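Novice: Build me a structure from this.
(2 chains)
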Amino acid sequence: MKFIKYLIVGALFGIVMSKSEAISWYRIQEMFRFQAFHMYGIIGVAVVTSTIIVALIKKFKVRDMAGNPILFYPKNKSVARYLIGGTIFGLGWALSGACPGPMVVNIGYGFMSFGVIFIFALLGTLLYGVLKDRLPH
Amino acid sequence: MIDFLMQPWPWWFSGLVLALIMFLMLFFGNSFGFSANLRTICSMGGAGKRVKFFDFDWKKQIWNLVFLLGAVVGGYITSEFLSDPNQAVLISENTITDLEALGFAAPTSIQPAELFAFEAIFTLKGFLILAFGGLMVGFGARYAGGCTSGHAISGLADLQLPSLIAVVGFFIGGLIMTFGIFPLIF
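Specialist: Predicted coordinates:
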């Protein structure tokens, strides 16, 4: 039962992504064409608010519900992996109109075609795991 | 209240809810990063026996899989109870014009039928679009070490330079696809 809170927060995520239309291919196209503020507004408000929350957590050494300190781990320094990986991700994001979260929200929404996208996203992850040591990082 | 729930939600409200979700995941002792689930599912399927990258204790990631399940439920709840199926996405006129030039009809619902109708799976072009889209998102997310939630929200909120580089990459790829490749394939 300790997992039920994740189910509820996950459902809230699914609802907000659908109700904000962020799961829509049209909205992602509109974003990449810089023709509306909508997606930038969503991500902008989320980032600015989250930055304030993270700063407050660090300043006041806020603990999690189990009483453990909330820690943040710096990501490995590199340019190649983030830039190349990010670019490949962006190509897929614009084509399918969905990053991994919205893929499964769309499946729940009733679009079975996103099941195909999701299966191939799993295959893409598998392919990365196989090729990992041969790629520049 | 019901009216507010049934209408598309404004960007500022949606952004605040996403920040709340990020905070709750930290408060629960974890963090907000969706694409890690893809690696976990590969590991569950036994990929760890052959590939070291998938050789980890996936049971420690069950919380995130439950979050994924919740996201599916959230999509279902919205389409069943919280939306009007004929509500067209209110994208800008400029986008409608641009997409019409590529052969897409003006929106009549949340997704274009040209790409995501059930029948599209069974056409060669339709299938290849879905397949390549998914493949690049899955490959790129793991290569970059995260997706929109892990980098653009969690990473930027922690002022991490790698996340900013990844987000720049997301846009380089998105712009190449939108302005370079779309005119060739549509």
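Novice: what pLDDT does the most centrally placed residue in chain B get?
Specialist: In chain B, the C-alpha nearest the mean C-alpha coordinate belongs to B:Thr148, at 7.6 Å (Cα atoms, centre = their mean). Reading off the confidence values, B:Thr148 has pLDDT 94.
Novice: Next: the one 3 residues further on.
Specialist: B:His151 is assigned a pLDDT of 94 by the prediction.
Novice: close enough to count as contact, it and B:Val168?
Specialist: No: using Cβ atoms under 8 Å, B:His151 is not in contact with B:Val168, being 10.3 Å away. Glycine gets a C-beta too; all of them are placed from N, C-alpha and C.
Novice: More neighbours: which of the two?
Specialist: B:His151 (29 against 15; other Cβ atoms under 10 Å in any protein chain shown).
Novice: Quick one: residues contacting B:Cys147.
Specialist: Residues near B:Cys147 by Cβ atoms under 8 Å, 6 or more residues apart in numbering or on different chains: A:Phe89, A:Cys99, A:Pro100, A:Gly101, B:Gly33, B:Phe34, B:Ser35, B:Val137, B:Ala141.
Novice: Please report phi then psi for the fifth one.
Specialist: In terms of degrees, to the nearest 10, the main-chain angles of B:Gly33 are phi -160, psi 110.
Novice: That one against B:Asp158, yeah?
Specialist: No: with contacts counted by Cβ under 8 Å, B:Gly33 stays clear of B:Asp158, the gap being 11.8 Å.
Novice: what about those two, which has more around it?
Specialist: B:Gly33 (24 against 19).
Novice: Show me what stretch B:27-34 is in contact with.
Specialist: By Cβ under 8 Å, 6+ apart, the list of residues contacting stretch B:27-34 reads A:5-6, A:9, A:64-66, A:68, A:70, A:99-101, B:21-22, B:25-26, B:63-64, B:67-68, B:71, B:146-150, B:153-154.
Novice: likewise stretch B:106-119?
Specialist: A:18, A:21, A:23-26, A:97, A:106, A:109, A:111-114, B:83, B:85-89, B:91, B:96, B:99-100, B:103-105, B:120, B:126, B:129-130.
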